[in-house]
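J.: Provided below are the primary sequence and the corresponding predicted coordinates.
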Amino acid sequence: ETGVTQSPTHLIKTRGQQVTLRCSSQSGHNTVSWYQQALGQGPQFIFQYYREEENGRGNFPPRFSGLQFPNYSSELNVNALELDDSALYLCASSPRSREETQYFGPGTRLLVL
Amino acid sequence: AQSVTQLGSHVSVSEGALVLLRCNYSSSVPPYLFWYVQYPNQGLQLLLKYTTGATLVKGINGFEAEFKKSETSFHLTKPSAHMSDAAEYFCAVSRNTGNQFYFGTGTSLTVIP
């Protein structure tokens, strides 16, 4: 059974550019959540996808968007990058139920210059 | 609304000493509570979780936590610290719909030889 994988591991972009981050969920998990972890902070919930539909969103602007595919893999897209978008982006997969553990990938570290 | 407060952003203990990391939560519904550990440049790994049932929960690597509803706390303990326990620890509460997590700001644990 493979765990959650994310690509790329590191990324450098400049202000105003767009970026796409990818996540493959753990086998059997139909829910994917994305989190932003700024340096020295806890992860902040961006949004969650369940069966290809957005299922909740945190306090992030619309330039943060996502997709979930039929195989439950997911993408996080960020448009018009800002310096403050520099962070570790974590993907987590889980079954949908509230008591279920979220399994995290290793993250993508994004640096915006 | 749900939120998590971790008291003490940095904790230092001697090897072999008791580890106590504090977590208090607020939740409008019975909470589901989690502790995760993050090693440098890695994603989050589940240590333990509380959903229902026994309030003393045992996790991996000798860690345990006790859910105390009257104190709205879920403190993490380990009787004897090991050098390999040095890491960042995050407490999280699961939102009442879906399983969107709210994380604390984390506690960095240093183990002194």
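T.: Looks like it arrived, so ask away.
J.: Worst mean pLDDT across the helices and strands of chain A, which element?
T.: strand A:53-57 (a mean of 89; mean pLDDT, DSSP states H and E).
J.: In the helix or strand following that strand, which residues are buried?
T.: Scanning forward in sequence from strand A:53-57 by DSSP states H and E, the next helix or strand is strand A:64-68. Residues of strand A:64-68 classed as buried: A:64-66, A:68 (neighbour count, 16 or more other C-beta atoms under 10 Å in any protein chain shown). Heads up, the C-betas are built off the backbone N, CA and C, glycines and all.
J.: Distance check, the most centrally placed residue in chain B against chain A.
T.: By C-alpha atoms, centre = their mean, chain B has its centre lying nearest to B:W35, at 3.6 Å. Distance of B:W35 to chain A, computed by C-beta to the nearest C-beta, to the nearest Å: 11 Å.
J.: wait, doesn't that residue sit right on B:E88?
T.: No: using C-beta atoms under 8 Å, B:W35 is not in contact with B:E88, being 11.4 Å away.
J.: where's the least confident helix or strand of chain A relative to the chain centroid, distance-wise?
T.: 12 Å (C-alpha atoms, centre = their mean, to the nearest Å).
J.: packing partners for it?
T.: Using 3 or more C-beta pairs under 8 Å, 6 or more residues apart in numbering or on different chains; DSSP states H and E, the elements in contact with strand A:53-57 are strand A:44-50.
J.: tell me which strands and helices the strand it packs on is in contact with?
T.: Strand A:44-50 sits against strand A:31-37, strand A:53-57, strand A:64-68, strand B:101-103, with contacts defined as 3+ C-beta pairs under 8 Å, 6+ apart.
J.: OK, contacts around residue 3?
T.: Using chain A here. For A:G3, the contact set (C-beta atoms under 8 Å, 6 or more residues apart in numbering or on different chains) comprises A:26, A:103, A:105.
J.: um, chain B though
T.: B:S3 is in contact with B:25-26, B:93, B:102, counting by C-beta under 8 Å, 6+ apart.
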